[in-house]
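**Student:** Can you look at this prediction? I've put the sequence above it.
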Amino acid sequence: MTPDALAHLHGSCFTFPRPWSAKEFAGLLASDFCDLVSAEAGFALIRTIAGESELLTIAVAPEARRQGLGRAVLGQAVQAARAKGADEMFLEVAADNRPAIWLYESSGFSAVGRRAGYYRQPDGQRVDAVLMARAI
């Protein structure tokens, strides 16, 4: 997927926090530490450094959700991190994003911390970030 296609798909999935731009995706993809796994209607972007991998973002087109694509892309991201030598993967997710938390928990991630008020909603309210991790 091109940075433009990634930004378009990300924009169809996220308004909070704001979707990432093609320029931001291009910068991440230019890094030796970042890897993209993608399918026609979804992708995951990870950064792997010093034995740890971070899920930077994952997106599945709204019309393709609840068909296993998110789980498949996440699984491919875990495999890519393992291939890069990571022993652990971590991520941050909005505490009120129950579908994403369910996906992560059912994929072996556990809550390991919390960042109070990390995300700002469009109405100005703050939402905590749940830090999750799993061994890979």
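**Tutor:** The structure has been received and is ready for your questions.

**Student:** so how far is the one helix or strand residue 91 maps to from its chain's centroid?
**Tutor:** Using DSSP states H and E, residue 91 sits in strand 88-94. On the basis of C-alpha atoms, centre = their mean, to the nearest Å, strand 88-94 sits 8 Å off its chain's mean C-alpha point.

**Student:** CA-only coordinates of the helix or strand following it in PDB, if you can.
**Tutor:** Moving toward the C-terminus from strand 88-94, the next helix or strand (DSSP H and E) is helix 98-106. The C-alpha trace of helix 98-106 is given here as PDB (Å, rounded to 0.1, in the frame of the first residue of the first chain):
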ATOM      1  CA  ARG A  98     -14.000  -2.100  23.600                       C
ATOM      2  CA  PRO A  99     -13.900  -3.800  20.100                       C
ATOM      3  CA  ALA A 100     -10.100  -3.200  19.900                       C
ATOM      4  CA  ILE A 101      -9.500  -4.200  23.400                       C
ATOM      5  CA  TRP A 102     -11.400  -7.400  22.800                       C
ATOM      6  CA  LEU A 103      -9.300  -8.100  19.700                       C
ATOM      7  CA  TYR A 104      -6.000  -7.500  21.600                       C
ATOM      8  CA  GLU A 105      -7.000  -9.600  24.600                       C
ATOM      9  CA  SER A 106      -8.200 -12.500  22.400                       C
END
